[in-house]
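Student: Generate a structure from the sequence data that follows.
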Amino acid sequence: MADKIPTAELVSSGGRKIPLLGFGTATFPLVPFEETKAAVLEAIKLGYRHFDTAAVYLSEEPIGQAIKEALELGLVNLRDEFFITSKLWCTDAHPGLVIPALQKSLEKLKLEYLDLYLIHWPVSMKPGVDKYPIKKENLLPMDFKGVWADMEECQRKGLTKSIGLSNFSCKKVGGILANAKIPPAINQVSLSHGWFRAADTIWSTHTTSFSSLKIGSVQAVNCLNGRCCKVELNPLWQQRQLRKFCASNGILLTAYSALGAKGTFWGSNRVMDCPELKEIAEAKGKTVAQARSIPLSSLLSVTCFTRFTSSFTKVRNCN
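Tutor: Sure thing, here's the model as predicted:
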């Protein structure tokens, strides 16, 4: 399957290629180390080469172990065949802490470099504060200029091949570009379908009340106690302005939660259990993911990630 996955060019990274389909490893609640490793190893066997992780996901170590085993088993010949993405968490989103944070991620992944390193959210938190739920007093405005300068230094040092953003609106992307010597290669947003929920923090999108033909502005979903934005992109909320702005600046959009994030506290079964999608899938002899959910990313011209579950060995969404 690996040779069948199309790629896109990262303009700010000398034309390096990124696979258009990746495997996400964010799980809430967290799953055991061995289960994560087994899922990643199974994904490698199925042909996935693009893996997305983050410091806060606690999945870097099992991914590193899976990559090591895949190389030892001959499933993959070279590390260069992989495209590994990780992210800078908010507690380390401060000048002077970025490079050590990336080095720690590399140590956990047992890698010499990342293919892509992203700022996870456009907000900072007090260093060393990891407790959840996140308290308002621990949130800080980000020093975008200083943090991005450190991200650029990560790329110059060869610790990562490319750098980028996650959950950034047009305004915030523009702020980065205003001071950037190396522009972002990526802006990762959510390709969910507007069905978010959470216990203490409400993510409410109400996309069903809008016409996709009339939407041209950025939708920001409040999270982290209202101090940060979660940017959503889907057929009901097409983010034309954001897509146009990023494209005009050579920034590729990537999307997570393409299948609705079923099983997470913020996600929903509305995508995978949608009667209309099931009907389309049955008519085509495909799964819901194959028939509709993954192809939505092609419609919106973005790369996307699937997310593993405990039944991942049954996933066939790339065929």
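
Student: low-scoring stretches of the protein, by residue?
Tutor: 1, 190-239, 256-271, 289-319 (pLDDT under 70).

Student: ok, which stretches of it are strands?
Tutor: 7-10, 16-19, 21-24, 50-52, 83-88, 116-119, 124-125, 139-140, 163-166, 186-190, 220-223, 228-231, 252-256, 303-307 (DSSP state E).

Student: Kindly reformat those strands as JSON lines containing distance to Glu60.
Tutor: All C-beta spots, glycine's among them, are computed from the backbone N, C-alpha and C. Shown next, in JSON lines, are the strands of the chain (distance: least, C-beta to C-beta, whole Å):
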{"stretch": "strand 7-10", "distance to Glu60": "22"}
{"stretch": "strand 16-19", "distance to Glu60": "19"}
{"stretch": "strand 21-24", "distance to Glu60": "13"}
{"stretch": "strand 50-52", "distance to Glu60": "10"}
{"stretch": "strand 83-88", "distance to Glu60": "6"}
{"stretch": "strand 116-119", "distance to Glu60": "12"}
{"stretch": "strand 124-125", "distance to Glu60": "19"}
{"stretch": "strand 139-140", "distance to Glu60": "24"}
{"stretch": "strand 163-166", "distance to Glu60": "16"}
{"stretch": "strand 186-190", "distance to Glu60": "17"}
{"stretch": "strand 220-223", "distance to Glu60": "23"}
{"stretch": "strand 228-231", "distance to Glu60": "22"}
{"stretch": "strand 252-256", "distance to Glu60": "16"}
{"stretch": "strand 303-307", "distance to Glu60": "16"}
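
Student: Pipe these into JSON lines and attach mean neighbour count and distance to Ile99 per row.
Tutor: Shown next, in JSON lines, are the strands of the chain (neighbours: other C-beta atoms under 10 Å; distance: least, C-beta to C-beta, whole Å):
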{"stretch": "strand 7-10", "mean neighbour count": "16", "distance to Ile99": "21"}
{"stretch": "strand 16-19", "mean neighbour count": "18", "distance to Ile99": "21"}
{"stretch": "strand 21-24", "mean neighbour count": "24", "distance to Ile99": "25"}
{"stretch": "strand 50-52", "mean neighbour count": "25", "distance to Ile99": "21"}
{"stretch": "strand 83-88", "mean neighbour count": "26", "distance to Ile99": "10"}
{"stretch": "strand 116-119", "mean neighbour count": "28", "distance to Ile99": "10"}
{"stretch": "strand 124-125", "mean neighbour count": "24", "distance to Ile99": "16"}
{"stretch": "strand 139-140", "mean neighbour count": "18", "distance to Ile99": "19"}
{"stretch": "strand 163-166", "mean neighbour count": "26", "distance to Ile99": "12"}
{"stretch": "strand 186-190", "mean neighbour count": "27", "distance to Ile99": "19"}
{"stretch": "strand 220-223", "mean neighbour count": "18", "distance to Ile99": "27"}
{"stretch": "strand 228-231", "mean neighbour count": "22", "distance to Ile99": "23"}
{"stretch": "strand 252-256", "mean neighbour count": "24", "distance to Ile99": "23"}
{"stretch": "strand 303-307", "mean neighbour count": "24", "distance to Ile99": "26"}
